[in-house]
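In: Provided below are the primary sequence and the corresponding predicted coordinates.
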Amino acid sequence: MAVRFPVALKEWAAVVESLRMGESLILLRKGGLYETPDVFDDPHRRFLFYPTAFHQAPAALNAVGQRAQSRVVAQPPVTFAVAGEIVADWWVADRGRLRSLPEHALSESTLDSRFAYRNPGLHVLLIRAWILAKPVMHPEHPSYAGCVSWVDLREVISVDEVLPAVAADEFEARAESVRSVLGSAG
């Protein structure tokens, strides 16, 4: 049975690659510049990742992210190769709780910058990543431009087969390390 995706979440290509390779499990989000101030909304539990290099720099990534960035090849049109499912979402307003957080691809300075922007705090999203068996090439469109998190795709993309980036048992064990730092999802 095909899975249909009407939306995509913009994320740095290196972060998407780290999820695809099973090297990370979480996203740290504040929201796009053109979204409601201080709010990242996650109305879509399942989506495609829209990889972008906009604002991405090696110094913004930790060792996991830098390894992932070395494997990324930018190629228009956009290539959808990874889908995501939000398993849990925490709003964390205490920077100290983020210091020992495992399973992400961002540098400490990037965490500090994102945390402090507008209203102190970050969404920590536990992501179950799925690899598309056949990546989908999709043309860019002006409506996809700008600093936004969510992109409504002009055409719904149907995918026949996805494979887990991380096996279920391993995902649960590693997700537990995130929950041990953050507690129950809010």
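Out: That came in fine, so what should we check first?
In: Of all residues in the chain, which one is nearest the centre?
Out: Leu27 (4.7 Å; C-alpha atoms, centre = their mean).
In: neighbouring strands for the helix or strand containing that residue, and are they parallel or not?
Out: Under the criterion of DSSP states H and E, Leu27 resides in strand 26-29. Strand pairing for strand 26-29, determined by DSSP bridges: strand 122-138 (antiparallel).
In: tell me which residues in the strand it pairs with are buried?
Out: Buried residues in strand 122-138, counting neighbours by 16 or more other C-beta atoms under 10 Å, are found at 122-132, 138. To be clear about C-beta, it is placed using only N, CA and C from the backbone, and glycine gets the same treatment.
In: Give me the mean pLDDT for the one helix or strand Asp112 maps to.
Out: Assigned by DSSP H and E, Asp112 belongs to helix 108-116. Averaged across helix 108-116, pLDDT comes to 90.
In: What of stretch 172-186?
Out: Rounded mean pLDDT across stretch 172-186 is 89.
In: do the same with stretch 127-135
Out: Rounded mean pLDDT across stretch 127-135 is 96.
In: who touches it?
Out: 19-20, 22, 25-27, 49, 79-87, 159-166, 171 (C-beta atoms under 8 Å, 6 or more residues apart in numbering).
In: Would you mark the buried spots in the helix holding Asp112?
Out: Across helix 108-116, burial judged by 16+ other C-beta under 10 Å covers 110-111, 114-115.
In: Among those, which one sits closest to Glu155?
Out: Arg114 (31.6 Å; C-beta to C-beta).
In: contacting residues for that closest one?
Out: Applying C-beta under 8 Å, 6+ apart, the residues near Arg114 are 28-30, 106, 122.
In: Farthest pair within those?
Out: Checking those with C-beta to C-beta, the most distant pair is Lys30 and Leu106, at 11.6 Å.
In: okay, these two: which has more neighbours?
Out: Leu106 (26 against 21; other C-beta atoms under 10 Å).
In: List phi and psi for that one.
Out: phi -100, psi 150 (degrees, to the nearest 10).
In: do the same with Leu98
Out: Phi and psi for Leu98, reported as degrees, to the nearest 10, are phi -80, psi -20.
In: Distance-wise, check it relative to Ala116.
Out: For Leu98, the distance to Ala116 equals 12 Å [C-beta to C-beta, to the nearest Å].
In: ditto for Leu27
Out: Distance from Leu27 to Ala116, by C-beta to C-beta: 18 Å.
In: for Phe171, what are its contacts?
Out: Per C-beta under 8 Å, 6+ apart, neighbours of Phe171: 25, 128, 164.
In: With distance to Val92 as extra columns, can I get these in a markdown table?
Out: Shown next, in a markdown table, are the contacts of Phe171 (distance: C-beta to C-beta, whole Å):
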| residue | distance to Val92 |
| --- | --- |
| Leu25 | 16 |
| Arg128 | 20 |
| Pro164 | 26 |
